[in-house]
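> Quick one: sequence plus predicted model below, questions after.
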2 protein chains.
Amino acid sequence: MTPKISSSPFNNAVEQLASLPGIGNKTALRLVLQVLNRNQQEIEAFGKAFIELSNEIQYCNSCHNISDTTKCDLCASPIRNDNVICVVENILDVIAIERTNQFQGKFHVLGGIISPMEGIGPNDIKIPELIERINSVKPTEIIMALSTTMEGDATNFYIYKKLSHLDINVTTIARGVGIGDEIEYTDELTLGRSLLNRIPFKNTLVLK
Amino acid sequence: MTPKISSSPFNNAVEQLASLPGIGNKTALRLVLQVLNRNQQEIEAFGKAFIELSNEIQYCNSCHNISDTTKCDLCASPIRNDNVICVVENILDVIAIERTNQFQGKFHVLGGIISPMEGIGPNDIKIPELIERINSVKPTEIIMALSTTMEGDATNFYIYKKLSHLDINVTTIARGVGIGDEIEYTDELTLGRSLLNRIPFKNTLVLK
């Protein structure tokens, strides 16, 4: 039991920070004390950043990525290929894929994955918008780049079914032994998948 | 190099969270995404907590602890002993000491320690207020409970010197082998100190 500090602004700030995942009560306490060492303008700026976040955040109308405008830089780019749409869960995945420099198509950010356990259905994320977008843009390929969790697989399958009547190539990113990983330490599911989905050796030579 | 998201409210919020100690850029990004899953009122409440922190935080006039009123609960308590003042660095130390149930005196929260490296001198923390308080309250004992770092030792010594002309008992909390620690793994400085400052065995029997 931690003795309570009798200051509601202090306790509120601690509570808010402790509401973030991975930040416990003691860490939150430390962080608020650190914030209190700043001057008033700086502390206010900290708070204002989140008020602005709540009021001013916008999403791209096309890919639903976070953006300052209704069309994000990636969607507005004239050099990116409209015919390939990569479906991801969130903005972190966009960043990770962009970092590879191996993808020059467009993204579609679902903003979550189907999770019956958490009460997230297909209409709670940007799946209807994806279907609508595919119907209007008519891309040739949809790359599914979701995590290989039960929820990711369910989302993959749901979208695949929804698109099955269309003449569209639905692919998924390759699962296999990571670059630099040792075969003997790779789990059998991944290793099995990498054997099943083996590719012609010469294909690996064209990759940068 | 992380590709930049073109959203200033998003980037500002990430930057503010990443300014907290121990929170890197990637963690901040994740946390802001998590915050964005909340509804607008909740995100606003998060921000408002820090604006209120900057505007409404108050400190106890006597011990300089964070408080809702100008006299904190600990200072206002009629059962606590005015004759003993325990000097600590910050509120976390107050919480830690309160949790022991071994101290029934008053506190004095310095709000930092003397650190020439960081440009913190005696007048940047509540040392002048401590001297003034001692002169007016005339306690019989001052317990120094600062960390045993170079800065803590410097602060201890500075305060000790400042009080040397007064008829006051300046003590410091015992340093020694922690309860449950094994002798063989205790560092030699701590073990040496615990030998030098040994106490009559019977004294340990009165402790709860």
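In hand now; what should we look at?
> what's the offset of the helix or strand hosting A:Leu53 from the middle of its chain?
Element membership for A:Leu53, per DSSP states H and E: helix A:40-56. Averaging C-alpha positions (Cα atoms, centre = their mean, to the nearest Å) puts helix A:40-56 24 Å from its chain's average.
> Any figure for the gap between the residue nearest to the spatial centre of chain A and chain B?
When Cα atoms, centre = their mean is applied to chain A, the residue found nearest the centroid is A:Asn90 (1.8 Å). The gap separating A:Asn90 from chain B is 6 Å, by Cβ to the nearest Cβ, to the nearest Å. All C-beta spots, glycine's among them, are computed from the backbone N, C-alpha and C.
> That residue: what's it in contact with?
Contact analysis of A:Asn90 by Cβ atoms under 8 Å, 6 or more residues apart in numbering or on different chains lists A:109-112, B:33.
> about what we covered before: quick check: which helices or strands does the helix holding A:Leu53 pack against?
Applying 3 or more Cβ pairs under 8 Å, 6 or more residues apart in numbering or on different chains; DSSP states H and E, one finds that helix A:40-56 contacts helix A:25-36, helix B:8-18, helix B:25-36, helix B:40-56.
> now what about the longest strand seen in chain A, what contacts it?
Counting residues, the longest strand found in chain A (DSSP state E) is strand A:81-88. Contacts with strand A:81-88, where a contact means Cβ under 8 Å, 6+ apart, come from A:94, A:97, A:103-110, A:130, A:133-134, A:137, A:139-146, A:159.
> please redo it, this time with the cut-off set to 6 Å
With contact meaning Cβ atoms under 6 Å, 6 or more residues apart in numbering or on different chains, strand A:81-88 is reached by A:94, A:104-109, A:139-145.
> sorry, back to before: dump the contacts of A:Asn90 into CSV; add distance to A:Lys26, secondary structure and pLDDT as well.
Below are those laid out as CSV (distance: Cβ to Cβ, whole Å; DSSP: H, G, I helix; E, B strand; the rest coil; pLDDT from 0 to 100):
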residue, distance to A:Lys26, secondary structure, pLDDT
A:Val109, 35, strand, 95
A:Leu110, 35, coil, 94
A:Gly111, 32, coil, 90
A:Gly112, 30, coil, 90
B:Leu33, 24, helix, 88
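> The helix or strand following the helix holding A:Leu53 close to chain B?
Next helix or strand after helix A:40-56 toward the C-terminus (DSSP H and E): strand A:58-59. No - Strand A:58-59 stays clear of chain B (Cβ under 6 Å from any Cβ of the partner chain), getting no nearer than 6.9 Å.
> returning to what we had before: model confidence for the residue nearest to the centre of chain A, exactly?
The model reports A:Asn90 with a pLDDT of 89.
> Get me the contact residues on chain A for chain B.
Listed as neighbours of chain B in chain A under the rule Cβ under 6 Å from any Cβ: A:2-3, A:5-10, A:12-13, A:16, A:20-21, A:31, A:33-34, A:40, A:43-44, A:46-47, A:49-54, A:56-57, A:66-68, A:73, A:95, A:98.
> Got a quick ChimeraX command for the buried subset of those residues?
Buried members of those, defined by 16 or more other Cβ atoms under 10 Å in any protein chain shown, are picked up in ChimeraX with:
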select /A:5,6,7,9,10,12,13,16,20,31,33,43,44,46,47,49,50,51,52,53,54,57,66,67,68,73,95,98
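> domains of chain A?
For chain A, automatic domain parsing gives the domain ranges A:8-56, A:66-173.
> Of these, flag the one that's most buried.
domain A:8-56 (a mean of 18; mean count of other Cβ atoms under 10 Å in any protein chain shown).
> Endpoints of that domain, how far apart?
In terms of Cα to Cα, to the nearest Å, the two terminal residues of domain A:8-56 are separated by 28 Å.
> So what's the gap between it and the chain middle?
Distance of domain A:8-56 from the chain centroid (Cα atoms, centre = their mean) equals 25 Å.
> got the contact list for stretch A:169-181?
Identification of contacts with stretch A:169-181 by Cβ under 6 Å, 6+ apart yields A:141-145, A:160, A:163, A:186, A:193-194.
> so which pair among those is furthest apart in space?
A:Leu163 and A:Thr186 (31.4 Å; Cβ to Cβ).
> which ones among the contacts of stretch A:169-181 are found in strands?
Per DSSP E, these map to strands at A:141-144.
> returning to that earlier point: can you put the contacts of strand A:81-88 in TSV and add distance to B:Asn61?
Listed next are these as TSV, based on distance: Cβ to Cβ, whole Å:
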residue	distance to B:Asn61
A:Val94	52
A:Gln104	64
A:Gly105	64
A:Lys106	61
A:Phe107	57
A:His108	58
A:Val109	52
A:Pro139	68
A:Thr140	72
A:Glu141	69
A:Ile142	66
A:Ile143	64
A:Met144	63
A:Ala145	59
